[in-house]
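sequence and predicted structure are below.
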Amino acid sequence: MLPNLFFTSKTFSMLVELTIKDIVLIHYIYAHFDNGLNVITGETGAGKSLLLDALGLIAGARGDGGLVRSGQSQGHIVAVFSIPPDHPCYTCLEAHNIHCITDEDIILRRVQYADGKSRAYINDVSVSIAILKQVANHLIEIHGQNDVRLLAEVSTHRLLLDQFADVKKDVLALEKNWHNWKKSQEILNNHNTLLEITKNDIELLDKTLEELDVLMPQKGEEEELGEKRRYMMNAKKVAKALNEALLHLQGNTPLTSALSQAEKAIYRFSEDYDDIKKALENIDKIHIEMEETISHLRKVNQSLDYNEEDLSFVEERLFALRGLARKHSITVEELPELHQHIIHKKNTFAEGEIYLKKYQKEENIAKELYCNNALQLRQKREEAIFELNKHINDNLHPLKLSSAIFEAQLIPLELDQAQPQGLDFICFHASLNPGTPLLPIHKIASGGEMSRITLVMRSVMQQHKHAPVMIFDEIDTGVGGATAEAVGKKLRSLGRKGQIISITHSPQVAAQATTHFYIEKSLDKETEPSMAITNLRKLSMDMREEEISRMLSGENISPEARAAARKLMEQDLQ
């Protein structure tokens, strides 16, 4: 086994300890990982994928109650990381008010419950899964077999280039510029649409405004005019009745004539008879009361505020208001609001050209800012492409791809194709054989070739400071022999720059390990009935030789397989 002399744990991020309890077939696993390249081997079905599931939970993957071991209410995963003092993870923890002393280990813990619920902790502080994922992104990077398929997805090529170019802040700023530009564009388009509508309707607006200006409707006017109309119509009826009553009471009416004739007939006998005297007094009272009655009726008649012209004016205005309201399908009470709304639209149209120039200027400024920043980002991407192509092509030869050529290409986009992330389309091309043209990588590369190119891509990405712990799941799929050995050497080389954990079926890769773990499945005889459980063991040098021999020849290990295993391991020590 190689000595751990590659780097100290405080130079790069390192997964120091991993504890898994009651996750699927795992009853209890504790592993202490070392510097360099840590490999995990085992027979198919032994449970290597369970380790990835557990690490995925630590990395913030979605929980699932089905991951909890049968018969248990919950499962636990605890990962202890050692990181350098200037690691950005400390800033991330501070942003979420999680206290952490520099140089102390960072402990991530995930509890998965059988009912599907899940809890997360960082240094024993309860956090959301989103925060756990954000912190874990600084500490661990899992590259499964899907990564090979991701490299074949053109949509991921820009993300990989931007990661290499370290332009995350530039891209975020450009996305903000793009959204500001689109917002100003939307305001301009909406204003143009409003102006266009106003132009088309200007004649109708003018006519409607003229009608409203003539009437000048007021709030509450309909009710007021209705009351006046009712009063005037009632006053007309009252006046008619009063005039008729006065006609009967005034002048020489039969009643007054009869009273006068009676008074004249009996007047000469009033001195002789007291009752005749009293009768004449009553006739005088009737005359006085008659005059008072006529006076009251005249007073009421004079007090009536009514004439035909006033009634006609009130009725004409009331009917005009109601007719205009019906014309616009609103109530009379809403006419003043319509009046103000049309005045506002007219003013908007009048000021439209002024605002149009303002919005055009704002849109041009936002577009220019986006374009300038997009071109600056393009320059950084072009410089990064030159470096990326150089690094990848320099590393293809050691992985038995000596004839291969890799080329990341940048295709400029027109302004009408602008995206939040810029005016660039990034795609990866390759030629794998001499004389063949460069073609999209996913159309020409086999699974094994794609795996090796992915490994080179990830090794180039790891050049950045504070690279996370990298976990590879069967990155050697589809390769064997000398090619697998080359993959193993590349992984060991990566292990000198940061901790690598590789799950592998390749004896050539396993022989390159700094530390070798073996995962196996057995029966737990303490349960009834016996249940399958998964265990993880760190192998000694002798155990490593035995395991690599098994990987070379199968269950029946031959002397030739042991010799081949020793040879592979001796090459590792050279």
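Yep, it's here.

and what about Ala120, helix, strand or coil?
Put simply, Ala120 is strand when judged by DSSP: H, G, I helix; E, B strand; the rest coil.

quick check: which ranges of the stretch 201-350 of the chain have low pLDDT?
Applying pLDDT under 70 to the stretch 201-350 of the chain picks out residues 231, 235, 238-239, 242, 244, 246-253, 269, 302-307.

which parts of it are helices?
For the stretch 201-350 of the chain, the helices defined by DSSP state H, counting those that start in this stretch occupy 221-249, 254-266, 274-303, 308-327, 335-396.

ok, then the element right after whatever helix or strand Ala486 lives in?
Per DSSP states H and E: Ala486 is located in helix 481-495. In the C-terminal direction, the helix or strand that comes right after helix 481-495 (DSSP H and E) is strand 500-503.

partners of that following strand in the sheet?
Partners of strand 500-503 in the sheet, by DSSP bridges, are strand 37-41 (parallel), strand 469-473 (parallel).

residues near Glu570, how many?
As a burial measure, Glu570 scores 10 neighbours (other C-beta atoms under 10 Å). The C-beta positions use only the backbone N, C-alpha and C, and glycine is treated the same way.

tell me the spacing between it and Gly36.
Separation of Glu570 from Gly36 (C-beta to C-beta, to the nearest Å): 18 Å.

go on, Trp181?
In this structure, Trp181 and Gly36 are 49 Å apart, going by C-beta to C-beta.

poorly predicted segments of the stretch 401-550 of the chain, please.
For the stretch 401-550 of the chain, the stretches flagged by pLDDT under 70 are 447-448, 462-466, 478, 524-531.

which stretches of it form strands?
For the stretch 401-550 of the chain, strands defined by DSSP state E, counting those that start in this stretch occupy the ranges 405-412, 424-431, 439-440, 469-473, 500-503, 515-524, 531-538.

compare those strands and give me the one nearest Arg550.
Closest to Arg550 of the strands of the stretch 401-550 of the chain is strand 515-524 (C-beta to C-beta; 9.6 Å).

paired strands for that closest one, with orientation please.
Sheet pairing of strand 515-524 (DSSP bridges) gives strand 37-41 (parallel), strand 531-538 (antiparallel).

out of these, deepest packed?
Comparing those by mean neighbour count (mean count of other C-beta atoms under 10 Å), strand 37-41 comes out on top with a mean of 26.

what angle separates it from helix 481-495?
Angle of strand 37-41 versus helix 481-495, following axes from the mean of the first three to the mean of the last three C-alpha atoms, to 10 degrees, is 130 degrees.

what mean pLDDT does strand 37-41 have?
Mean pLDDT, strand 37-41: 92.

which residues belonging to stretch 432-442 are considered buried?
For stretch 432-442, burial by neighbour count (16 or more other C-beta atoms under 10 Å) applies to 432, 441-442.

nearest to Lys390 among the residues you listed?
Nearest to Lys390, judged by C-beta to C-beta, of the buried residues of stretch 432-442 is Ile441 at 17.1 Å.

quick one: contacts for that closest one?
Ile441 makes contact with 151-152, 406, 428-430, 450, 453, according to C-beta atoms under 8 Å, 6 or more residues apart in numbering.

a markdown table for the residues you listed, including neighbour count?
Putting the contacts of Ile441 into a markdown table (neighbours: other C-beta atoms under 10 Å) gives the following:
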| residue | neighbour count |
| --- | --- |
| Leu151 | 21 |
| Ala152 | 17 |
| Phe406 | 23 |
| Phe428 | 25 |
| His429 | 17 |
| Ala430 | 25 |
| Met450 | 22 |
| Ile453 | 24 |
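
out of those residues, which is nearest to Arg322?
The closest of the contacts of Ile441 to Arg322 turns out to be Ala152 (C-beta to C-beta; 73.2 Å).

check what pLDDT the closest one gets.
Note on Ala152: pLDDT of 69.

number the residues from 83 up from this point.
Yes, from this point I'll number from 83; that puts the last item at Ala234.

quick one: neighbours of Glu433, just the number.
11.

and it, how far is that from Lys440?
In this structure, Glu433 and Lys440 are 10 Å apart, going by C-beta to C-beta.

and if you look at Ala448?
Ala448 is 13 Å from Lys440, where distance means C-beta to C-beta.

more neighbours: the two, which one.
Comparing Ala448 with Lys440 by other C-beta under 10 Å, the one with more neighbours is Ala448, at 20 against 14.

that older thread, out of the helices of the stretch 283-432 of the chain, nearest to Arg151?
Using C-beta to C-beta as the measure, helix 417-478 is the one of these that comes nearest Arg151, at 41.8 Å.

my read: Gly577 touches Val121, true?
No. Between Gly577 and Val121 there is no contact under C-beta atoms under 8 Å: 9.9 Å.

need the buried residues of stretch 514-524 in JSON lines with distance to Tyr600, can you?
Formatted as JSON lines, the buried residues of stretch 514-524 follow (distance: C-beta to C-beta, whole Å):
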{"residue": "Leu514", "distance to Tyr600": "35"}
{"residue": "Ile523", "distance to Tyr600": "35"}
{"residue": "His524", "distance to Tyr600": "35"}
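
so how far is the helix or strand containing Gly157 off the chain centroid?
Secondary structure from DSSP H and E places Gly157 in strand 156-164. Relative to its chain's centre, strand 156-164 lies at 31 Å (C-alpha atoms, centre = their mean, to the nearest Å).

quick one: contacts of that strand?
Strand 156-164 is contacted from outside by 91-92, 95-105, 136-137, 139-140, 149-151, 187-196, 221-222, 551, using C-beta under 8 Å, 6+ apart.

at 7 Å what do you get?
Contact partners of strand 156-164, identified using C-beta atoms under 7 Å, 6 or more residues apart in numbering, comprise 91-92, 95-105, 136, 139-140, 149-151, 187-196, 221.

so which of those residues belong to helices?
If you go by DSSP state H, these have 136, 139-140 in helices.

rewinding a little: report the buried residues of the helix or strand following the strand holding Gly157.
Downstream of strand 156-164, the next assigned helix or strand under DSSP H and E is helix 171-177. For helix 171-177, burial by neighbour count (16+ other C-beta under 10 Å) applies to 171-172, 174-175.

same thing with stretch 301-319?
If you call a residue buried by 16+ other C-beta under 10 Å, then stretch 301-319 has these buried ones: 303-304, 307, 310-311, 314, 317.

any idea how many residues pack against Leu241?
Around Leu241 there are 14 residues (other C-beta under 10 Å).

can you read off the backbone torsions of the residue lying farthest from the centre of the chain?
In the chain, the residue that sits farthest from the middle, by C-alpha atoms, centre = their mean, is Asp354; the gap is 118.5 Å. Main-chain dihedrals, Asp354, degrees, to the nearest 10: phi -90, psi -30.

what stretches of the stretch 133-282 of the chain score poorly on pLDDT?
226-232, 234, 279-282.

strands along that one, start to end?
Taking DSSP E, counting those that start in this stretch as the criterion, the stretch 133-282 of the chain contains strands spanning 156-164, 188-195, 200-204, 207-209, 222-225.

which of the residues in the shortest one are buried?
Along strand 207-209, the positions that meet the burial threshold by neighbour count (16+ other C-beta under 10 Å) are 207, 209.

list the strands paired with it, with their directions.
Partner strands and pairing direction for strand 207-209 (DSSP bridges) are strand 200-204 (antiparallel).

okay, now Asp104: neighbour count?
So Asp104, with other C-beta under 10 Å, has 21 neighbours.

how about Gly580?
With other C-beta under 10 Å as criterion, Gly580 counts 23.

distance check, it against Ser588.
21 Å.

tabulate the CA atom coordinates of stretch 624-632 in CSV.
The C-alpha coordinates for stretch 624-632 follow below in CSV (Å, rounded to 0.1, in the frame of the first residue of the first chain):
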residue,chain,number,x,y,z
ASP,A,624,-2.0,-9.2,1.5
MET,A,625,-5.8,-8.8,1.3
ARG,A,626,-5.3,-6.4,-1.6
GLU,A,627,-3.3,-8.9,-3.5
GLU,A,628,-6.0,-11.5,-2.9
GLU,A,629,-8.8,-9.2,-4.0
ILE,A,630,-7.0,-8.1,-7.1
SER,A,631,-6.3,-11.7,-7.9
ARG,A,632,-10.0,-12.5,-7.6
